[in-house]
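Participant: Turn this into a structure:
(2 chains)
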Amino acid sequence: MKLSPKKLTWQIVLYAVLIVLAVIYIYPFLVQVATSFKTDEEAASSGISLIPEVWSFAAYERLFARSDFPSWFVNSAIVTVFVTIGRVFFNSLAGYALARLRFRGRGVVFAALVAVMSVPTVVLLIPKFLVINQLGMFNSYAGMILPLLVDAAGVFIMKNFFESIPESVEEQARIDGAGTFRIFWSVVLPMATPALVTIVILSFQGSWNELSHFIVSTNDPALTTLTKGVASLASGQLSQGTQYPLKLAAALIMTIPVAVMFFVFQRRIMNSTEGAVKE
Amino acid sequence: MAQRSTPRRGGASGLRRGEAAAGWLFTAPVIAILGVFLLVPVLMALWVSMSDWAGRGSPLSGSVSFVGGENYSAVLADGGLATKDFGTALRNNAWYVLLVVPLQTALALFLAVLVNRAMLRGRGFFRTAYYFPSVTSSVAITVLWLFLFSASGAVNDVLSWFGINGPNWFNDPRGILQLLLGAFGVESGPGALTQSGALGISWWDWLAGPSVAMSAFILMAVFTTSGTFMLIFLAGLQNLGGDVDEAAMMDGANGWQRFWRITLPQLRPTLFTVLTLGLIGCWQVFDQIYTGTRGAPSKTTLTPAYLSYQTAFTNQEWGQGAAIAFILFLIIVVFTLLQRWVLRDKPVSRRRIRAYEVVGEGKSS
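Facilitator: This next block holds a predicted model:
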């Protein structure tokens, strides 16, 4: 296909704009990787170069061998695993009930969920602390995990998905004498894999990146998560001077799990955002 | 939402009773957890916001007493330090909203339109590149931002290529509008603006614009959220049928006209979603401030969300902290309603209808 000169110019401009923008979006992360391997002096003096003049692994050595970083990582992993499992199970149970089971009060439950979704999370900081404290869960894994264990948005995603599955599938199982939980567990749930993957991605990302909830539910250093720990690094703990390589290395390692998740499920993530909006 | 298909049941009321029990059982965990960790907390905080609880013991114990609207008036009306801090936080966040929401929406739409081109090569790559910052946590991105915008950081390096001496971003409390006025020789405001004000802040300071430090946070917000909103716009664009666009093309409308007259009006529901999400998110700035600046320099990056946290957890003024949280909640609700009202489906004006009729007649004759 031959393009007219005018069209060709436009094409070139379009790609130039796209590429410049892509560089702006990606370059900061490349700088981050590069700087984490620089010495403190070099990081402080040259902010933009991508190749360290002297390769230094001091930041990583410090993080893994002489800091609480590994324990932060473990805490984040524990919370993320439990929250993700909990959300997959409880969100799909509730989503199924709201989509399929007929019971008095279903409308009220649904309306309450809508109301809950509209409460901004930041407003809940003090309230959550009050209840966690009152229940004696302050500084415990229970206080860190339980409040995150369900989310109204996830219930919606599951409900919408279950509504899209034809009911005839369940009829057959019902005729065969299967109970409600059995139908849910062995017939409907396996068909909901795409929606479940969405929930896994969202919960993983949400709980791994969560900060404010852990600030108000713990102050014990042994329960510090990655987000909280790295935030304390940023404001100067562990460090004299700027220590950019150390901070950037910590932030980088923290980003790796969500980045891996993103690249593995890339297609699904792009589509789930679309699906959530179509409704 | 898709129409709900009501289950068809064959008679047996025993089965239906079982179904009702199962319904409650299935939703019980969600109801219990949201009730205990969301509904009860809000009620408790409402009580604390009207009490003199100082953080010791339970706020429900007998030694805590009801003080009515005292905490609210300390924050909103007294004119003391609490009012001044709240005014400052509100000023900072208002500028943040005013700049971030339009910028991120426009950029996201721009990216979506570019990436949506049918003939584009490397579409997947560009989409991924623009979306990637949205995946990272606000803590990690703030750490990166503190480095990029440090005095000798990458951003100032780039600025120096153009002969610009970049500021020490996160340590610079000067308001950018006042800086701009300063460039024209205006160093102090007129008496009418400096003598009076609201919430303990003079009008001149309300109009100072975001500080240089806050501007760096504004750029960060645009950088991290434009990818998410780009995806939402892309979904909206892909849902549009091409036929209206094609008809317009037949009528000789150019690309620019087609975008403003055809595509954008059809994207209205998507635009509504993006603006709502943006507005709600922008009033809740917390993680970035906690990680990055804790309100410094000179309180110019203080936000109501962070102030509420600081007032309660650091200063142990729990009543005031909770009061700020509820005021913030109210602000978010009001803004959402306001925006819904502005973007409502307006009835077509008579003049418009007449204009259409004239065009229609002109065509048919």
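Participant: Just give me the residue right at the centre of the chain.
Facilitator: Defaulting to chain A. A:Q205 (1.0 Å; C-alpha atoms, centre = their mean).
Participant: That was the other one, I meant chain B.
Facilitator: B:C282 (2.4 Å).
Participant: residues in contact with it?
Facilitator: B:C282 sits next to B:N93, B:Y96, B:V97, B:V100, B:V101, B:A221 when contact means C-beta atoms under 8 Å, 6 or more residues apart in numbering or on different chains. To be clear about C-beta, it is placed using only N, CA and C from the backbone, and glycine gets the same treatment.
Participant: How about it: what's its closest non-neighbour residue?
Facilitator: B:V97 (4.5 Å; C-beta to C-beta, 6 or more residues apart in numbering or on different chains).
Participant: So the one you found lies in a strand, does it not?
Facilitator: No: per DSSP: H, G, I helix; E, B strand; the rest coil, B:V97 lies outside any strand segment and is helix.
Participant: per-residue pLDDT, it?
Facilitator: On the pLDDT scale, B:V97 is placed at 95.
Participant: number of nearby residues for it?
Facilitator: Counted with other C-beta atoms under 10 Å in any protein chain shown, residues neighbouring B:V97 total 20.
Participant: Could you do B:T276 as well?
Facilitator: 15.
Participant: With the one 3 residues further on instead?
Facilitator: Burial of B:L279 is recorded as 18 neighbouring residues (other C-beta under 10 Å).
Participant: any idea how far B:V97 is from it?
Facilitator: Going from B:L279 to B:V97 by C-beta to C-beta, to the nearest Å gives 7 Å.
Participant: Can you check which residues contact both of these two?
Facilitator: With C-beta under 8 Å, 6+ apart as the test, B:L279 and B:V97 both reach B:F335.
Participant: circling back: out of the contacts of B:C282, who's nearest B:F149?
Facilitator: B:A221 (13.4 Å; C-beta to C-beta).
Participant: quick one, what contacts the closest residue to that closest one other than its chain neighbours?
Facilitator: Nearest residue to B:A221, sequence neighbours excluded (C-beta to C-beta, 6+ apart): B:V100, at 4.6 Å. Going by C-beta under 8 Å, 6+ apart, B:V100 touches B:I218, B:A221, B:V222, B:T225, B:G278, B:C282.
Participant: do A:Y27 as well
Facilitator: B:A154.
Participant: what's the answer for B:I176, then?
Facilitator: So B:I176 contacts B:G209, B:P210, B:S211, B:V212, B:S215 (C-beta under 8 Å, 6+ apart).
Participant: Could you turn the buried ones of those residues into a ChimeraX selection?
Facilitator: Per 16 or more other C-beta atoms under 10 Å in any protein chain shown, the buried members of the contacts of B:I176 correspond to this ChimeraX selection:
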select /B:209,210,211,212,215
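Participant: Could you find which two of the contacts of B:I176 are furthest from each other?
Facilitator: B:G209 and B:V212 (9.6 Å).
Participant: Overlap of the contact sets of these two?
Facilitator: Common neighbours of B:G209 and B:V212 (C-beta under 8 Å, 6+ apart) are B:I176, B:L179.
Participant: want to try TSV for the contacts of B:I176, with pLDDT, distance to B:S202 and secondary structure as columns?
Facilitator: Formatted as TSV, the contacts of B:I176 follow (pLDDT from 0 to 100; distance: C-beta to C-beta, whole Å; DSSP: H, G, I helix; E, B strand; the rest coil):
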residue	pLDDT	distance to B:S202	secondary structure
B:G209	88	14	coil
B:P210	94	17	coil
B:S211	93	16	strand
B:V212	94	20	helix
B:S215	95	21	helix
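Participant: what are the phi and psi angles of A:G154?
Facilitator: phi -60, psi -40 (degrees, to the nearest 10).
Participant: ok, now which ones touch the closest residue to it other than its chain neighbours?
Facilitator: Distances taken as C-beta to C-beta, 6+ apart put A:N91 closest to A:G154, at 3.8 Å, once the chain neighbours are dropped. When contacts are counted by C-beta under 8 Å, 6+ apart, A:N91 touches A:V150, A:D151, A:G154, A:V155, A:I157, A:M158, A:I199, B:V30.
Participant: Could you tell me which of those are located in helices?
Facilitator: A:G154, A:V155, A:I157, A:M158, A:I199, B:V30 (DSSP state H).
Participant: No further queries at this time; thank you.
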